[in-house]
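Peer 1: Quick one, fold the following:
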Amino acid sequence: MLAGRASLPDLGMQQTPALAVKRTRRREAKSCTECRRRKQKCNPRKEGGPCGNCLRRYPPVACVGRAEPPKKPNTTSGEDLDPTLNIEEYSPGTSSSSAPELGEPRSQSLYSHSNDSHTPNHSASISPAISAITDQSVSSYFTKAHSDVERSSEIILSSNPSPAHTPDESPYGSPKMFGGILTSINTLYSLPIKQTSQNAELLHFFHSYVVPNLVSIDGRNVPPLFLREMLPWMIQSPLMPNIAIMMASATQSSEQELMVKKSAETLSIQSHVFKIINQFLKRDFSEVGGEALRAVIHLAISEFFWGSSEMLWPHVKGLNQMIKLRGGYTGMKDPVLESVFVLTDYELACCFERDLSMQELNPARDTDPPIPLSYAEALKCPLITSPTTFEQTRESLNLNTAAAEILDDVRFLTLFITSPDTQASTSKIQSTASWLHKQLEIIPAPIGLSDIPEADLILEIIRITALIYTNCIATLRPFTNAYIPTQFISLLDKISAVGLLRWKEIPGIFLWILLVACPSAGNDLQGRFLKKKMAVTGMTIGMEDFGLSIGCLRAFWKVQRWIARERERDVIDPMILGECGNTATEEV
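Peer 2: Numbers count the residues shown, from 1 in each chain. Next up, the predicted model:
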């Protein structure tokens, strides 16, 4: 009986056929990798680009979709059908925006934009390869400075490698990605801004394009000081994210050759920014004063770069009142903020040929900043003293002999005016400037731009600038409108032909060239570009040594004040006026 029962299961198993392994097609994964990692329901948009979740994340992340691999005709039953990553990544930002480099020909200059490829918008862009997640300007923004900053700022650095870019490539049209731990813990929901795709793209555009171009001459790297002192505050500030969106919108409006006051989008954002700042200032100023000063100085800078002087000076007036409420410069208790205020004040004073506006309570207002005994040769400027001459360092600066001699003569003339222990009379200074002006007229000017070597082109720019500089000193004429419009455009063409990468190697010389030209700059696209580059060049030097940068700006400001003071005294020599005044505009 037991044997019979034992045989029943065996009999049943022998009669049951083996179950065939049924192969099922794996369902296509429609979620992006970021939503899958966060275990969120992905909501792709009909118009393409990043999904709705990734579009709201801040810092921005790569929205990478998954797709089925192509079918193989000879697929065996043992092969897996695992999906593979699709080599396409969606990055939020401005897809059609492109900013030409200064080194481009005039036909492709940054002053003119085609209708189809240079109009900034807020549509999502699709990069051609996943290796393009970051571009050249972002790699230095988040990786190159990794070893130079403190450990506290390492979480904002990207671990993504960046492909090399050629100097002719523009960072404008390829928005950059944030990386690192901050991507996982911070999204747009944590920032005090409206949760819209437009705001996400503008904020991304601010950090990827606007910031590098605010602190770097060519917009390809950000100094470690900015990463350490300013960027963490920008992310954590209750006001700065909205100001950042406004500055990004203003930048895009300027690319469309629109004034800020004519851009509906920028005006709307600006109105919202003013509203939240006014609400913020209703709180106890002793608690919010530092935050308010940092925010409003960015409003003033925004108006200086993209707005109008009518809106700039009310911001400056408000900053003066806030400095008084804060207890003066000593009450700021923020050395970096104090240096930014002083630097910005000198830049505004030099550009508009006026007295200082924000240093009434600065105890060091009437004191020349200490110039280091030695500093990098690249920072050498003809406005301040240096242990070596330009002639001695011309090879390291890649200058020819004539350019170095002109710069040394300009330094000699400038120190005649700015040195505190100078005993030179006004007539002596005028005659020296007149003599130098005549020597500059003898140097032949090249014809055309295409076949001129770079060193000769820089020589011509230095010669033109020195002609204007010596003429204003000799005749006691203001620098405002020293260039007529055609001369101003010609100067910008020559600067463009050299390229920003070369000027970045000699920022001290570049700053002097821009300071002489800035008072003649209008409020059009070319004028705003030159004023912005002047301020950025001063900030670039300041990030290396604030005292050195302020020393250069203060020296030029003192030359302007000397000209205004002597002109009021009516001490113009008629002979010198006749010699220099008639030839200045003809030779430039």
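Peer 1: contacts, neighbours, all on C-alpha from now
Peer 2: Noted.
Peer 1: Could you pull out the buried residues of stretch 380-399?
Peer 2: For stretch 380-399, burial by neighbour count (16 or more other C-alpha atoms under 10 Å) applies to 380-386, 389-391, 394, 397-399.
Peer 1: Switch these over to a markdown table, and while doing so, append distance to M539 to every line.
Peer 2: Formatted as a markdown table, the buried residues of stretch 380-399 follow (distance: C-alpha to C-alpha, whole Å):
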| residue | distance to M539 |
| --- | --- |
| K380 | 15 |
| C381 | 14 |
| P382 | 17 |
| L383 | 16 |
| I384 | 17 |
| T385 | 20 |
| S386 | 20 |
| T389 | 24 |
| F390 | 23 |
| E391 | 26 |
| R394 | 24 |
| L397 | 20 |
| N398 | 23 |
| L399 | 24 |
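Peer 1: among the residues you listed, which are in helices?
Peer 2: If you go by DSSP state H, the buried residues of stretch 380-399 have R394, L397 in helices.
Peer 1: Turn the buried residues of stretch 380-399 into CSV, columns for pLDDT.
Peer 2: Formatted as CSV, the buried residues of stretch 380-399 follow (pLDDT from 0 to 100):
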residue, pLDDT
K380, 94
C381, 96
P382, 96
L383, 95
I384, 94
T385, 92
S386, 91
T389, 93
F390, 95
E391, 94
R394, 92
L397, 93
N398, 93
L399, 94
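Peer 1: Can you tell me which of the buried residues of stretch 380-399 comes closest to S254?
Peer 2: C381 (30.5 Å; C-alpha to C-alpha).
Peer 1: For that closest one, which non-adjacent residue is closest in space?
Peer 2: Nearest-residue entry for C381: G508, 4.3 Å, with adjacent residues in sequence omitted and distances by C-alpha to C-alpha, 6 or more residues apart in numbering.
Peer 1: Now do the SS call for that neighbour.
Peer 2: Classification of G508 using DSSP: H, G, I helix; E, B strand; the rest coil returns helix.
Peer 1: Give me the pLDDT value at it.
Peer 2: Predicted confidence (pLDDT) for G508: 96.
Peer 1: gap between the two ends of stretch 300-314?
Peer 2: Across stretch 300-314, the terminal residues are separated by 9 Å (C-alpha to C-alpha, to the nearest Å).
Peer 1: Please report how far the residue nearest to C381 lies from E255.
Peer 2: 27 Å.
Peer 1: higher neighbour count, the two?
Peer 2: Ranked by neighbour count (other C-alpha atoms under 10 Å), G508 and E255 place G508 first, with 25 against 21.
Peer 1: need the contact list for the more buried one.
Peer 2: Taking C-alpha atoms under 8 Å, 6 or more residues apart in numbering, we find G508 in contact with A378, L379, K380, C381, P382, I541.
Peer 1: out of the residues you listed, who's nearest M534?
Peer 2: Closest approach to M534 among these (C-alpha to C-alpha): I541, at 10.9 Å.
Peer 1: other SSEs contacting the host helix or strand of the closest one?
Peer 2: According to DSSP states H and E, I541 maps onto helix 525-544. Where contact means 3 or more C-alpha pairs under 8 Å, 6 or more residues apart in numbering; DSSP states H and E, helix 525-544 is packed against helix 211-215, helix 285-306, helix 335-352, helix 507-517, helix 546-568.
Peer 1: Check which helices and strands the very next helix or strand once past the shortest one sits against.
Peer 2: Towards the C-terminus, the helix or strand next in line after helix 211-215, according to DSSP H and E, is helix 224-229. The elements that helix 224-229 packs onto, with contact taken as 3+ C-alpha pairs under 8 Å, 6+ apart, do not include any helix or strand.
Peer 1: Tell me the helix or strand right after helix 224-229.
Peer 2: Following helix 224-229 in sequence order, the next helix or strand is helix 231-236 (DSSP H and E).
Peer 1: List the buried residues of that next one.
Peer 2: Across helix 231-236, burial judged by 16+ other C-alpha under 10 Å covers L231, M234, I235.
Peer 1: Could you pull up the residues touching the last one?
Peer 2: When contacts are counted by C-alpha under 8 Å, 6+ apart, I235 is found next to P241.
Peer 1: Which stretches in this structure count as strands?
Peer 2: Shown for the chain, the strands assigned by DSSP state E span residues 63-67, 84-91, 125-127.
Peer 1: So the residue nearest to N320 when sequence neighbours are not counted versus R411, what's the distance?
Peer 2: Distances taken as C-alpha to C-alpha, 6+ apart place M358 nearest to N320, at 5.7 Å, with adjacent residues excluded. Distance, M358 to R411, by C-alpha to C-alpha: 28 Å.
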